[in-house]
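Student: Would you be able to build a 3D model of this:
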Amino acid sequence: MTLASLESLLNEAGDIVELLRNQQTGPNAYPGVPAEYSNWRSEQRAWAETCVLFNQSYHMVDLEVSGPDAFAMLNHLGVNSFKGFVPDRAKQFVPVTPDGYVIGDVILFYLEENRFNLVGRAPTIEWVEYHAQTGQWDVTVVRDERTAVRPDPENRKSYRFQLQGPNAMKTLERAMGQTPPDLKFFHMTTLAIAGCTVRALRHGMAGQPGYELFGPWADGETVRQALIAAGRDFGLALVGGRTYASNTLESGWIPSPLPAIYTGDALKPYREWLSANSYEAKASIGGSYVPERVEGYYLTPWDLGYGPFVKFDHDFIGRAALERMAGQPHRRKVTLALDTEDVLRVISSALQKGDRAKYMDFPSAVYAMHPYDAVLADGATVGMSTWIGYSANEGKMLTLAMLDADRAAPGTQVTLLWGEPDGGTRKPTVEPHVQTEIRATVSPVPYSEVARDIYADSWRTRQSV
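Tutor: Presented below is the predicted three-dimensional model:
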C-alpha cells in the first residue's frame, strides 16, 4: 500500500518516537562539492586564519514568495517583528506551531517590494508553502528544490556562496576591483564581479566577517572562479562538504530542531498536506535522549537562543502560547567542551575487542538528521545536546546544548551520555555499541572568542532569561 501523507504514515507507525529513531536516513548530505578540497583540518583553520569560500548552492531549499500579501503572510507566520523591515535587508525567520514550538528557521531575504526569498532547511519552507496554498493570501510561491532530491541537479535557479574569514574583505576587494561597501549586519547591496551582477548580504557564519553572495545559476561558475583567483594571495581555501557541517560548532547556531508538527489536532490538516516522502516523513533522530512521547523533542524559541526574536507587536501563529511561556523558566543554549581524556577513551574503545562506545567521527560526529543526546548532572537529565563535532581551531570536541538555567553557568560540570540505549537503533549509521558518559564543561556560546566579539549584539549572544 502506498501511503499518501505524513499523517497516514504516522497512523500506520503508531509509535512516532520509534519511527523517527529508526528511520534509515543518515545525517544531512552536502552534495555538489567534494568531501574535502584539501583536508578538513586545514579547511577549518582557514576560516579563522585566512578566509574560506563555502559553496552553498546545492544543499538548501530556496522559496520565492511574491505578491501583494507576501509581507503580511510572512509577518503572520513568524515570531519576528517586521517593523522597520525594508528591501535590501534580511533576518533569521522563525515560525512556531499554535502551541509555540519551533518548526525551523531560515534566512529571509527582502529582495524588493512584494518579493522575498527564504533559504534553508525544508520544514520552514513547507510551512510557508502550505499557508500560501491554503490561506486567503494573494501570493505566489516558487520552490527551488535542493540538489539531493531533484531530478535536474544542475538546473537550480540561483548559486549561493559564503566568503568568510579575516581576509574575506581583501579577497572581495580584489574580485570587485574596488573597496567593498561597509554594510551593517544582515543588510544587502548589489555588487559587480567578473562582469556579473551579484547580490550580497553582510553575514557571518563561521564567526568571522564576510558576505553571502548570490545570483543567477548561469553566473555561478564565473563568479566562483573570480573569487578563487582573487583569494590566491590571501590564503583562500575552498571548504568541502565534510568540513561544512562543523562550522556551526564555533559560531553557535543549532541547525537541527525537529519540526514540532507530528502531533496535535490543529496540525492534522498540515500533516495530511505533507507527503509521505517529505522531509518530515524521512527525518531521523539519533542519540541517547529518548522521551516517552515525541513532544519531548519539541523546542521553544528560548531553547534555541531565539528569545530576543519573539516580539508581541503583531499577530502570528503561536502568539498566545508564547505569551504564556514568556515568563516561565527557559533552558539556555550553551557550548559543552568535552573532556579530552574521556573523548580519547571513547575513541580508543574502537581499537580493542569487546564492548565499544559509539564511533565518534571527525570533524562532525552527527549521525542522524536530528541528534539529541542527554546531558546529565548528579544522575538526572538537565538538558540535551543537539550537535557535536571537533574544532581544529579550538583543539576540542564540542557540542551545542540546551540546559536548565541553573546548570547553564560557564564552568559548570556536566556529563554527555554518548551512544544509544540497548545497543543502538536500526539506523544504518549506528553500529552495536554501549553507552558511556563523557565529562563536559559548560562554556559560552559562541565558543569562539572572535565569534562572541563579532556577534556581540545579535541573537547568538543575547539570550533572554
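
Student: Pull out the buried positions in the helix or strand hosting residue 381.
Tutor: Using DSSP states H and E, residue 381 falls within strand 380-391. Buried positions in strand 380-391, judged by neighbour count with 16 or more other Cβ atoms under 10 Å: 382-391. Backbone N, C-alpha and C define where each C-beta goes, glycine included.

Student: Quick one: residues contacting the one residue sitting closest to the centre of the chain.
Tutor: In the chain, the residue lying closest to the centroid (Cα atoms, centre = their mean) is residue 255, at 2.1 Å. By Cβ atoms under 8 Å, 6 or more residues apart in numbering, the contact list for residue 255 reads 121, 248, 387.

Student: Relative to residue 197, which of those is nearest.
Tutor: Nearest to residue 197, judged by Cβ to Cβ, of those is residue 121 at 27.8 Å.

Student: roughly how far apart are that closest one and residue 260?
Tutor: 14 Å (Cβ to Cβ, to the nearest Å).

Student: try residue 303
Tutor: 11 Å.

Student: Residue 85 contacts residue 91, correct?
Tutor: Yes - between residue 85 and residue 91 there is a contact under Cβ atoms under 8 Å: 6.9 Å.

Student: Quickly list what's touching both of the two.
Tutor: What both residue 85 and residue 91 touch, as defined by Cβ under 8 Å, 6+ apart, is an empty set.

Student: so which strand or helix has the residue with the largest distance to the centre of the chain?
Tutor: In the chain, the greatest distance from the average C-alpha position (Cα atoms, centre = their mean) is reached by residue 353, at 36.8 Å. Using DSSP H and E, residue 353 sits in no helix or strand.

Student: packing partners for the strand holding residue 381?
Tutor: helix 248-251, strand 370-371, strand 373-377, strand 396-403, strand 413-418 (3 or more Cβ pairs under 8 Å, 6 or more residues apart in numbering; DSSP states H and E).

Student: mind running it again at 6 Å?
Tutor: The contact analysis (3 or more Cβ pairs under 6 Å, 6 or more residues apart in numbering; DSSP states H and E) places strand 380-391 against helix 248-251, strand 373-377, strand 396-403.

Student: Tell me which helix or strand comes right after the first one.
Tutor: In other words, helix 248-251. Helix 248-251 is succeeded, C-terminally, by helix 268-273 (DSSP H and E).

Student: now what about that following helix, what contacts it?
Tutor: Taking Cβ atoms under 6 Å, 6 or more residues apart in numbering as the criterion, the residues outside helix 268-273 that touch it are 5-7, 130.

Student: where along the stretch 101-250 of the chain do the strands fall?
Tutor: Ranges of strands in the stretch 101-250 of the chain, per DSSP state E, counting those that start in this stretch, are 106-112, 115-120, 140-144, 158-164, 188-193, 196-202, 210-216, 236-238.

Student: any chance of the ones you listed in CSV, with mean pLDDT, mean neighbour count and distance to residue 268 too?
Tutor: Shown next, in CSV, are the strands of the stretch 101-250 of the chain (pLDDT from 0 to 100; neighbours: other Cβ atoms under 10 Å; distance: least, Cβ to Cβ, whole Å):
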stretch, mean pLDDT, mean neighbour count, distance to residue 268
strand 106-112, 98, 20, 24
strand 115-120, 97, 21, 24
strand 140-144, 96, 16, 22
strand 158-164, 95, 23, 34
strand 188-193, 97, 16, 38
strand 196-202, 97, 20, 37
strand 210-216, 95, 24, 37
strand 236-238, 98, 21, 46
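
Student: Just send those back as JSON lines, with distance to residue 364 too.
Tutor: As requested, the strands of the stretch 101-250 of the chain are exported to JSON lines (distance: least, Cβ to Cβ, whole Å):
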{"stretch": "strand 106-112", "distance to residue 364": "21"}
{"stretch": "strand 115-120", "distance to residue 364": "18"}
{"stretch": "strand 140-144", "distance to residue 364": "26"}
{"stretch": "strand 158-164", "distance to residue 364": "17"}
{"stretch": "strand 188-193", "distance to residue 364": "30"}
{"stretch": "strand 196-202", "distance to residue 364": "25"}
{"stretch": "strand 210-216", "distance to residue 364": "21"}
{"stretch": "strand 236-238", "distance to residue 364": "18"}
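
Student: quick one: which of those is nearest residue 370?
Tutor: strand 115-120 (14.8 Å).

Student: List the strands paired with the closest one, with their directions.
Tutor: strand 61-66 (antiparallel), strand 106-112 (antiparallel) (DSSP bridges).

Student: List the contacts of that strand.
Tutor: In contact with strand 115-120 (Cβ under 6 Å, 6+ apart) are residues 60, 62-66, 70, 106-111.

Student: Output the residues you listed in CSV; the columns should cover distance to residue 433.
Tutor: Listed next are the contacts of strand 115-120 as CSV, based on distance: Cβ to Cβ, whole Å:
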residue, distance to residue 433
60, 32
62, 38
63, 39
64, 44
65, 44
66, 50
70, 49
106, 35
107, 37
108, 41
109, 43
110, 47
111, 48
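
Student: Of all the residues in stretch 283-294, which ones are buried?
Tutor: Neighbour-count burial for stretch 283-294 [16+ other Cβ under 10 Å]: 283-290, 294.

Student: Most widely separated two among those residues?
Tutor: Top of the distance list for the buried residues of stretch 283-294 (Cβ to Cβ): 283 and 288, 18.0 Å.

Student: Which helix or strand contains residue 59?
Tutor: Using DSSP H and E, no helix or strand contains residue 59.

Student: ok, it touching residue 30?
Tutor: Yes - with contact defined as Cβ atoms under 6 Å, residue 59 reaches residue 30; the gap is 4.9 Å.
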